[in-house]
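# Sequence below, structure please.
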Amino acid sequence: MPFSLSQTGCSRVKLMTIRMNVLVAVSIAGAVLGLSGCKLKKNEVTNAKASGQIEIFFDSSDFNADKVVSDIWSSKIEPFIHEKTRPFDEVQSALARDAKAAGPQYGYSENPAQNPYSFIVKLDGKVLEANTKSRAAYITLDTNADGKSDAKVQLGPVIRGTALRDVLPFIPFSAFKNQIEYANVGRALNNHVFESKLSKLDRENLIGKQVSLTGAFVTPTTGAEILITPSDLTVTGGQ
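Next up is the predicted model:
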């Protein structure tokens with residue numbers, strides 16, 4: 001009698017074959033990813049060097065956001081900030097007149113349709129308030145001698161937001177594997193500023209002192225105070 005399989009038998013054979021194929025595929029994938037030195041690189045950033053972007057390799061064990069920042073801080077980030085900085089009073093006035101127009105004129109956003117503009121500014125002012133006991137320490141500055149606060153400046157060690165990251169066009173989200181890596185670089189920038197600049201600041205008796213700084217801020221919501229993350233800050237005088 002010729003050998004034949006029932007419909008049920010055929011289905012079982014097909015199912016077993018599919019399961020075996022899946023197991024083989026998973027085993028091969030695991031072996032490949034287990035190879036030492038195996039790295040994943042975003043295909044979208046193949047022209048990173050040509051475009052001036054940072055070429056970043058992603059590896060669960062090798063990626064180090066702090067190293068990414070320290071490697072380019074002096075060579076790329078500081079020169080860019082120095083080149084692009086604008087007077088704070090000028091940007092503040094432009095935002096007050098027409099925030100929508102001020103964004104592309106003075107600031108940068110990787111995706112203006114979804115993300116607010118960020119600005120690099122230089123300012124001098126008198127310290128009106130100094131909250132240095134909190135881990136999210138800050139000072140407020142009067143930049144035009146009217147006795148009123150014009151900006152809040154973060155001193156850390158806890159620095160909120162990602163203004164420094166978001167103002168740098170050569171560190172785009174598209175260069176990173178996922179939101180976690182991108183967020184880690186934002187935190188690394190804030191940590192670098194605190195460790196290299198802000199941690200050395202004499203925080204005693206800051207009220208009444210004159211301060212000079214360069215930093216970044218994101219377009220504030222209506223009625224909110226401008227919150228600046230400094231890239232450099234110096235006490236220049238005062239009582």
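
# CA atoms for contacts and neighbours, from now on please.
OK.

# Any regions of the chain where pLDDT drops low?
1-61, 239 (pLDDT under 70).

# doesn't residue 194 make contact with residue 135?
No: with contacts counted by CA atoms under 8 Å, residue 135 stays clear of residue 194, the gap being 11.6 Å.

# Going by residue numbers, what spans are helices in the chain?
7-33, 48-51, 65-72, 78-84, 88-106, 163-166, 179-196 (DSSP state H).

# and for residue 135 and residue 194, which residues touch both?
Counting by CA atoms under 8 Å, 6 or more residues apart in numbering, the residues touching both residue 135 and residue 194 are 156-157.

# Between those two, which is the more surrounded one?
The residue with more neighbours, out of residue 135 and residue 194, is residue 194; 23 against 12, by other CA atoms under 10 Å.

# ok, now which ones touch that one?
With CA under 8 Å, 6+ apart, residue 194 has these contacts: 155-157.

# ranking those by neighbours, who comes first?
residue 155 (27 neighbours).

# That one contacts residue 137, doesn't it?
Yes: counting by CA under 8 Å, residue 155 does reach residue 137; the two are 5.1 Å apart.

# Now do the lengthiest strand in the chain and helix 88-106, the angle between them.
Longest strand in the chain, counting residues (DSSP state E): strand 118-131. Computed by axes from the mean of the first three to the mean of the last three CA atoms, to 10 degrees, the angle separating strand 118-131 from helix 88-106 equals 150 degrees.

# In terms of secondary structure, what does strand 118-131 contact?
Packing partners of strand 118-131 (3 or more CA pairs under 8 Å, 6 or more residues apart in numbering; DSSP states H and E): strand 86-87, helix 88-106, strand 136-142, strand 209-218.

# Could you report the distance from residue 113 to residue 100?
12 Å (CA to CA, to the nearest Å).

# ok, residue 141 - contacts?
Applying CA under 8 Å, 6+ apart to residue 141 gives the contacts 125-129, 148-153.

# still on that earlier bit, I'd like to know which of the contacts of residue 194 is nearest to residue 232.
residue 155 (10.6 Å; CA to CA).

# and the closest one, how far is that from residue 79?
From residue 155 to residue 79 the distance is 22 Å (CA to CA).

# what does residue 214 give?
Counting by CA to CA, the gap from residue 214 to residue 79 is 12 Å.

# Give the residue from the two that has the larger number of neighbours.
Applying other CA under 10 Å to residue 214 and residue 79 shows that residue 214 carries more neighbours, namely 22 against 11.

# Dig out what the more buried one forms beta bridges with.
Counting by DSSP bridges, residue 214 is bridged to residue 122, residue 232.

# Could you report the distance from it to residue 107?
From residue 214 to residue 107 the distance is 14 Å (CA to CA).

# Verify the stated contact: residue 211 with residue 203.
No: the pair residue 211 / residue 203 is not scored as a contact, 11.9 Å apart, by CA under 8 Å.

# the more surrounded of those two?
residue 211 (21 against 17).

# if I pick the nearest residue to the more buried one once chain neighbours are set aside, what's in contact with it?
Excluding the flanking residues, the one nearest residue 211 by CA to CA, 6 or more residues apart in numbering is residue 235, at 4.5 Å. Residues in contact with residue 235 (CA under 8 Å, 6+ apart) are 209-212.

# Emit the PyMOL select command for whichever of these are buried.
Buried members of the contacts of residue 235, defined by 16 or more other CA atoms under 10 Å, are picked up in PyMOL with:
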select buried, resi 209+210+211
